[in-house]
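J.: Give the three-dimensional model of this entry:
(chains A and B)
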2 protein chains.
Amino acid sequence: MIGRLNHVAIAVPDLDAAAAQYRDTLGAKVGAPQDEPDHGVTVVFIELPNTKIELLYPLGEASPIERFLEKNPAGGIHHICYEVKDIQAAKKQLETQGARVLGSGEPKIGAHGKPVLFLHPKDFNGTLVELEQV
Amino acid sequence: MIGRLNHVAIAVPDLDAAAAQYRDTLGAKVGAPQDEPDHGVTVVFIELPNTKIELLYPLGEASPIERFLEKNPAGGIHHICYEVKDIQAAKKQLETQGARVLGSGEPKIGAHGKPVLFLHPKDFNGTLVELEQV
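T.: Model (predicted):
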């Protein structure tokens, strides 16, 4: 069911510093910050040859990243995203196997404009897993 | 400097269950468990089309994963690994920029038989970063 690893998302306490570090210290290709007000985050994409790293920073009130950074002040890996071809089929298969979809259980439009859903970290080895239909 | 994302490593409390979940629930291509006594881990590789997920489980006394699982009993993402062409050049560049290499500071032979080093998570947004020369 799962295909490519679309991205690894890292929540960071200082977006400019983290972007500069990936650009200057690690020599990676780093994009410009993009505000995603619908998702409560500002995002910087780091393009690796085979996948992306997504640096996340809170935007606005009640950002989903805010509490994560309170618990992890230095930052940390927030989630990983796998690609799926058919998100409704994926959802059905997962629920049949007892995996919990977060929120309403219905896919939403994610930060890349594509349908996504998140799976409960407790069902997946303490790892927040996003599925994105591509 | 950094190239491909070589793998994402996830420490898991039950290797068989985690491998079965990736194979059966997520429909991924899952390898057989491999003991790596020199590194204190048993590893299962999950081959995605563009990268790998590495499931890690403690092996023997004083496994580096043991304490991580005590802190994170459900498991969690342990590290991410970026490929570099020249690990000595990478080490020099990183140290010049003030990033700390863990352990002796010298690259060691990693679980894939290639030179690796680990960077201090506090210097990289709370993320343990492995560099592997490929």
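J.: which residue of chain A sits farthest from its center?
T.: Taking Cα atoms, centre = their mean, the residue of chain A most remote from its mean C-alpha position is residue A:96, at 24.1 Å.
J.: Not counting its own residues, what contacts stretch A:35-52?
T.: Here stretch A:35-52 makes contact (Cβ atoms under 8 Å, 6 or more residues apart in numbering or on different chains) with A:4-8, A:15, A:18-19, A:22, A:28-34, A:53-60, A:62-66, A:110-111, B:2-5, B:50-51, B:82. The way it works is simple: take the backbone N, C-alpha and C, and place the C-beta from them, glycine included.
J.: Helices - which of these land there?
T.: Judged by DSSP state H, the contacts of stretch A:35-52 include A:15, A:18, A:19, A:66 as members of helices.
J.: and these as TSV, adding pLDDT and distance to chain B?
T.: Formatted as TSV, these follow (pLDDT from 0 to 100; distance: Cβ to the nearest Cβ, whole Å):
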residue	pLDDT	distance to chain B
A:15	98	10
A:18	97	5
A:19	98	11
A:66	95	15
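J.: okay, these in TSV with neighbour count next?
T.: Below are these laid out as TSV (neighbours: other Cβ atoms under 10 Å in any protein chain shown):
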residue	neighbour count
A:15	20
A:18	24
A:19	21
A:66	15
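J.: would CSV of those with distance to residue B:75 be doable?
T.: Supplementary listing: the ones in helices among the contacts of stretch A:35-52 in CSV, determined by distance: Cβ to Cβ, whole Å:
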residue, distance to residue B:75
A:15, 28
A:18, 25
A:19, 29
A:66, 24
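J.: what's the spacing between the residue farthest from the centre of chain A and chain B?
T.: As judged by Cβ to the nearest Cβ, to the nearest Å, residue A:96 and chain B stand 9 Å apart.
J.: So in chain A, where's the weakest helix or strand by average pLDDT?
T.: Least confident helix or strand, chain A: strand A:108-109 with a mean of 90, by mean pLDDT, DSSP states H and E.
J.: before we move on, the earlier item: filter the contacts of stretch A:35-52 down to the buried ones and express that as a PyMOL selection.
T.: Of the contacts of stretch A:35-52, the buried ones go into a single PyMOL selection, burial set by 16 or more other Cβ atoms under 10 Å in any protein chain shown:
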select buried, (chain A and resi 4+5+6+7+8+15+18+19+22+28+30+53+54+55+56+57+58+59+63+65+110+111) or (chain B and resi 2+3+4+5+50+51+82)
